[in-house]
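*Asks:* here's a sequence, model it:
(one chain, ligands or ions: 1)
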Amino acid sequence: MSALARDRLKEPDIVLEARNLYSYYGKSVVLQDLNFDLEPGSMLAVLGRNGVGKTTLLRTIMGLTDRTKGDLFFSGEPLGDRRTDERAMMGIGYVPQGREVVPRFTVAENLKMGTFARKDGKRAIPDKVFDLFPILKEFSERRGGDLSGGQQQQLAIGRALAMNPKMLLLDEPTEGIQPNIVQEIEEVIQTLNVEHGLTIVLVEQNIDFARRACDRFLVMDKGQVVVSGRGEDLNDEIANKHLTF
Ligand SMILES: Nc1ncnc2c1ncn2[C@@H]1O[C@H](COP(=O)(O)OP(=O)(O)OP(=O)(O)O)[C@@H](O)[C@H]1O
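*Replies:* All right, here's what the predicted structure looks like:
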């Protein structure tokens, strides 16, 4: 273990830490020299125009890009050579863009898939999932593919919660969802963060929600962080300069 890794193990007060992080698809570099910390129970918004590398950041945290350089620590442990399934077992839950619900599986079967990444071997779907999303209980025998977009998003979040994660990565969870469900999903995200103390990394297009809900934000451009700060400091000037099309 490197000296840097040893130092990080002494600092369990940081859940996620990136130091000089680069990430590649094949030979193309996508993320360049990212540096950030995430405290336990905090929520980080990752913002930026299309194609700047937001999804790639989440995929890098999950070990789903071809190659990385630099350091990434989760609860003080280096993630560098860990496989994706090991990262899930360590407590990183991932809700990808587009949800990736298995359409032929029932709601209950989709949720059960989430439990396979539990360290404690428990296969029961935690009550918390149904408390947060009662519709998933009601529709537990329906096929995932028959649910509406908003219900599929709830299922995808529920599936990630079924593994009892320490940190949740959410990629544009309200994209393409009807407005009445958007508010419901935003409320659940805030509940998970504020009441359940879950650490969250949220890729988000909705600046108002990011400002309201997040402790910190990063704005990315061409694979780099161009502005970062506290959620409440996410102002119109930053939005106009880096986030409007
Ligand atoms: N699997 C891949 N192989 C090669 N290049 C990729 C791959 N996925 C993404 N890229 C490239 O990496 C860059 C960043 O893409 P990424 O999807 O991370 O951006 P994004 O900010 O999440 O965009 P969006 O808001 O559209 O989802 C883009 O130039 C994209 O073309």
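*Asks:* I figured His242 hits Gln224, correct?
*Replies:* No: look at His242 against Gln224 with CB atoms under 8 Å: they stay out of range, at 11.4 Å. In short, each C-beta sits where N, CA and C put it, glycine included.
*Asks:* how far away is the spatially most central residue of the chain from the ligand?
*Replies:* Taking CA atoms, centre = their mean as the criterion, Leu169 is the residue nearest the geometric centre of the chain, at 0.8 Å. Noted for Leu169: a distance of 12 Å to the ligand, by CB to the nearest ligand atom, to the nearest Å.
*Asks:* give the helix, strand or coil label for that residue.
*Replies:* What DSSP: H, G, I helix; E, B strand; the rest coil gives for Leu169 is strand.
*Asks:* hey, C-alpha coordinates of the helix or strand hosting Arg19 in PDB?
*Replies:* Element membership of Arg19, judged by DSSP states H and E, is strand 16-25. Extracted as PDB, the C-alpha positions of strand 16-25 are listed here (Å, rounded to 0.1, in the frame of the first residue of the first chain):
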ATOM      1  CA  LEU A  16     -15.000   9.700  -1.300                       C
ATOM      2  CA  GLU A  17     -11.800  11.300  -2.300                       C
ATOM      3  CA  ALA A  18     -10.400  11.900  -5.800                       C
ATOM      4  CA  ARG A  19      -6.800  13.100  -6.300                       C
ATOM      5  CA  ASN A  20      -5.400  13.900  -9.700                       C
ATOM      6  CA  LEU A  21      -7.900  11.600 -11.200                       C
ATOM      7  CA  TYR A  22      -7.800  10.800 -14.900                       C
ATOM      8  CA  SER A  23     -10.100   8.400 -16.800                       C
ATOM      9  CA  TYR A  24      -9.900   7.000 -20.300                       C
ATOM     10  CA  TYR A  25     -12.000   5.200 -22.900                       C
END
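*Asks:* shift numbering so it begins at 52
*Replies:* With 52 as the first residue, the last one maps to strand 67-76.
*Asks:* now that strand: mean pLDDT?
*Replies:* Strand 67-76 carries an average pLDDT of 96.
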